[in-house]
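>>> Quick one: sequence and predicted model below, then my questions.
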2 protein chains.
Amino acid sequence: MSQELISGTIAGILGDTYIGEMEDSALLELPGPRIAMTTDSFVVDPVFFGNGDIGKIAVAGTVNDLAVSGARPLYLTLAVVLEEGFALADLRRVLRSVRDAAIAAEVKIVAGDTKVVRRGEADGIFLNTTGVGVLERPFTLSSRALRAGDRVIVTGFLGDHSIHILSLREGLGFEQRVHSDCAVLSHVIADVLDICGDGVRCIRDITRGGLGTVVNEFAQASAVAIELDASVLPIRPETAMAADMLGVDVMYLANEGNLCLVVAAEETEAALKALHAHPECARAAVVGEVVAGADAGGAGTVRMTGADGRVSTVELLYGAQLPRLC
Amino acid sequence: MSQELISGTIAGILGDTYIGEMEDSALLELPGPRIAMTTDSFVVDPVFFGNGDIGKIAVAGTVNDLAVSGARPLYLTLAVVLEEGFALADLRRVLRSVRDAAIAAEVKIVAGDTKVVRRGEADGIFLNTTGVGVLERPFTLSSRALRAGDRVIVTGFLGDHSIHILSLREGLGFEQRVHSDCAVLSHVIADVLDICGDGVRCIRDITRGGLGTVVNEFAQASAVAIELDASVLPIRPETAMAADMLGVDVMYLANEGNLCLVVAAEETEAALKALHAHPECARAAVVGEVVAGADAGGAGTVRMTGADGRVSTVELLYGAQLPRLC
């Protein structure tokens, strides 16, 4: 594939979603001076999975990262690294996913780049998307804003994306029963913020590191403690079974379309109602509460009460992450 | 290397240049609503070369892309894909280059991402930088703005970066005599625009596709013809010799710190003076002129007069590019 063929293919498939000129800077107008900016590379293996592919993840991941910061996602760049020999038909399929996800997220692809490396120097296709969104709300979401009494909400089944990918990769046979949750959630987040305003303290996309990492970072940033109730955590039995087989803890598995929100107690019902209006968040539930550090294990700690009433600490795990889940 | 070690290393080495929070969206203030945005992935092989490395190229390339669009570069994101086993010492060296180039370019790194893939699934290290700059000038540079009588300026020796890298890779022995020209040129471009204003029609960083591609794209975009004088093109004898050995044409080789400017005739002397004030552009020279299509080979064509007086067409080449020069 020549550079020109690839550039032409990209521009052709992205269509109206693509307003940039490949290779050049895009000149853009912003509706306001306060922006959010984020970047992510995507190396998911396999490239295609049950209900998504690297193209969908690349758009959803970056759009969700912007949206959870309170921004309205506007512009994405798309950079492609291709291994020589990657099939043109597969590239087209990935690009159609990019286009469809960009349409769903109401963002434009404004600039692109393609690099081809020789066989064996990459694995199929890697993508990078970098996004800019505009901050238009009069309040700011922050992991430092948590207060005792706030509720912790999770919007979907924990670990599904990771188990789907790992099952495909390892041939475990769970991939038909546990699907990836990969989804664009910017419209969901906008709804919740429209309804609950600054009653929403903070939102995080549960990706690398899983819920265990998100809540620990929240607790540390706000110098509070968080108490989770294991009996209400949304976990599919098949996911729990697969995680057991793989020797991994669902609390630390990545999702790609699952949010953790911390919301003021009085806004919790409104937030859940707004979330339940979206099929991707039909399982949204309160899974825990923010408490003063002195009342629990100390500021920055997360504890979880098991179904048997036993309390354990949810540690902030360091160390190797599972590779290439996104 | 764990994810945390890598993130810590990145934040530690980038220091004050780094204002983002790895993994999160950066919240930024822009001085104006009109922005330029561009993205590039970098896969240069070898990672380290005579007078630069992938880190320097990744910053310089994106900063230069913003600057040639007339923007003042402000913010970069940095995404790293690492092959398992890539040495931490090498990562640190790359990051120091990123930091030094960001300081030289007066940009901040505002967000980052790191993905580790297994051995054999990438080749050492790949980077992506995506940049945002603010458009503050009352005029716009455009490849559609060329008029008959404008002069074409090239600021440095053609092909040096490519020959340096290819010589290193193929063991040709030219790498000590032909160095990469990789350089941040945003300050040079700002000077020229300050002095010549909209007398500057268009600027392009001569990268992939070389001067031959740049001038053809200019000629087509403005529906004019361009006439080049081969006898004044800045080409080192060693570069010409190496290109001959490799069977490649210097006109299509990439640089990483070489500009092609099209400037109104009456601003040419001022532009050259401004360029010569910078050591990176000490060799800046007029190499051609824009003419009406009807007076030459037709709109969109580029012709070059050789030292022997023979006129040839500089074609817009399609087809395979040399891999991994940047």
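Nice, I can see it. Numbering: from 1, shown residues only, chains lettered A, B, ... in the order given.
>>> helices or strands up against the longest helix anywhere in chain A?
Secondary structure of chain A per DSSP state H: the longest helix is helix A:88-105. With contacts defined as 3 or more Cβ pairs under 8 Å, 6 or more residues apart in numbering or on different chains; DSSP states H and E, helix A:88-105 has these neighbours: helix A:3-14, strand A:52-53, helix A:54-68, strand A:72-83, strand A:108-117, strand A:125-134. The C-beta positions use only the backbone N, C-alpha and C, and glycine is treated the same way.
>>> Kindly reformat the ones you listed as TSV containing mean pLDDT, distance to chain B and mean neighbour count.
Output for the helices and strands packed on helix A:88-105, formatted as TSV (pLDDT from 0 to 100; distance: least, Cβ to the nearest Cβ, whole Å; neighbours: other Cβ atoms under 10 Å in any protein chain shown):
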stretch	mean pLDDT	distance to chain B	mean neighbour count
helix A:3-14	81	5	17
strand A:52-53	96	17	24
helix A:54-68	98	5	28
strand A:72-83	96	4	25
strand A:108-117	93	5	24
strand A:125-134	98	4	28
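>>> Which among those is found nearest to A:P31?
strand A:125-134 (5.4 Å; Cβ to Cβ).
>>> which helices and strands does that closest one pack with?
strand A:34-42, helix A:54-68, strand A:72-83, helix A:88-105, strand B:34-42, strand B:72-83, strand B:125-134.
>>> Can you add distance to A:I189 and give these back as TSV?
Below are the helices and strands packed on strand A:125-134 laid out as TSV (distance: least, Cβ to Cβ, whole Å):
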stretch	distance to A:I189
strand A:34-42	12
helix A:54-68	4
strand A:72-83	10
helix A:88-105	11
strand B:34-42	23
strand B:72-83	21
strand B:125-134	23
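>>> Compare those and report which one is nearest to B:A105.
Using Cβ to Cβ, the helices and strands packed on strand A:125-134 put strand B:72-83 closest to B:A105, at 5.9 Å.
>>> Where do the strands of the stretch 151-300 of chain A begin and end?
When assigned using DSSP state E, counting those that start in this stretch, the strands of the stretch 151-300 of chain A occupy the ranges A:151-154, A:200-205, A:225-229, A:259-263, A:285-291.
>>> domains for chain A, by residue range?
A:3-134, A:151-313 (automatic domain parsing).
>>> quick one: A:F42 and B:P73, what's the gap?
Plainly put, A:F42 is 25 Å away from B:P73 if you go by Cβ to Cβ, to the nearest Å.
>>> still on that earlier bit, closest one to A:A270 among the helices and strands packed on helix A:88-105?
helix A:54-68 (18.4 Å).
>>> tilt between that closest one and strand A:200-205?
170 degrees (axes from the mean of the first three to the mean of the last three Cα atoms, to 10 degrees).
>>> could you say what helices and strands helix A:54-68 packs with?
The helices and strands touching helix A:54-68, judged by 3+ Cβ pairs under 8 Å, 6+ apart, are strand A:34-42, strand A:72-83, helix A:88-105, strand A:125-134, helix A:186-196, strand A:200-205.
>>> Which positions in the stretch 101-250 of chain A make contact with chain B?
Selection of the stretch 101-250 of chain A residues close to chain B by Cβ under 8 Å from any Cβ of the partner chain yields A:110-113, A:115-118, A:120-123, A:126, A:128, A:130, A:132-133, A:135, A:140, A:208.
>>> Take the helices and strands packed on helix A:54-68 and write them to CSV, including distance to A:V215.
Below are the helices and strands packed on helix A:54-68 laid out as CSV (distance: least, Cβ to Cβ, whole Å):
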stretch, distance to A:V215
strand A:34-42, 21
strand A:72-83, 25
helix A:88-105, 26
strand A:125-134, 25
helix A:186-196, 18
strand A:200-205, 9
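>>> nearest residue to A:I19 other than its sequence neighbours?
A:K108 (4.8 Å; Cβ to Cβ, 6 or more residues apart in numbering or on different chains).
>>> swap in A:S69?
In space, A:S69 comes closest to B:S25 once its chain neighbours are excluded; the distance is 3.8 Å by Cβ to Cβ, 6+ apart.
>>> Quick one: residues contacting the one you found.
Shown in contact with B:S25 (Cβ atoms under 8 Å, 6 or more residues apart in numbering or on different chains): A:36-38, A:65-66, A:68-69, A:71, A:133, B:111.
>>> cool, and A:G55?
Here A:G55 is in contact with A:93-98, A:101, A:127 (Cβ under 8 Å, 6+ apart).
>>> just these now: which is nearest B:I226?
Closest approach between the contacts of A:G55 and B:I226, by Cβ to Cβ: A:L95, at 33.6 Å.
>>> Against A:I6, how distant is the residue nearest to that closest one when sequence neighbours are not counted?
Sequence neighbours aside, A:I13 is the residue nearest to A:L95 in space, at 4.1 Å (criterion: Cβ to Cβ, 6+ apart). As judged by Cβ to Cβ, A:I13 and A:I6 stand 11 Å apart.
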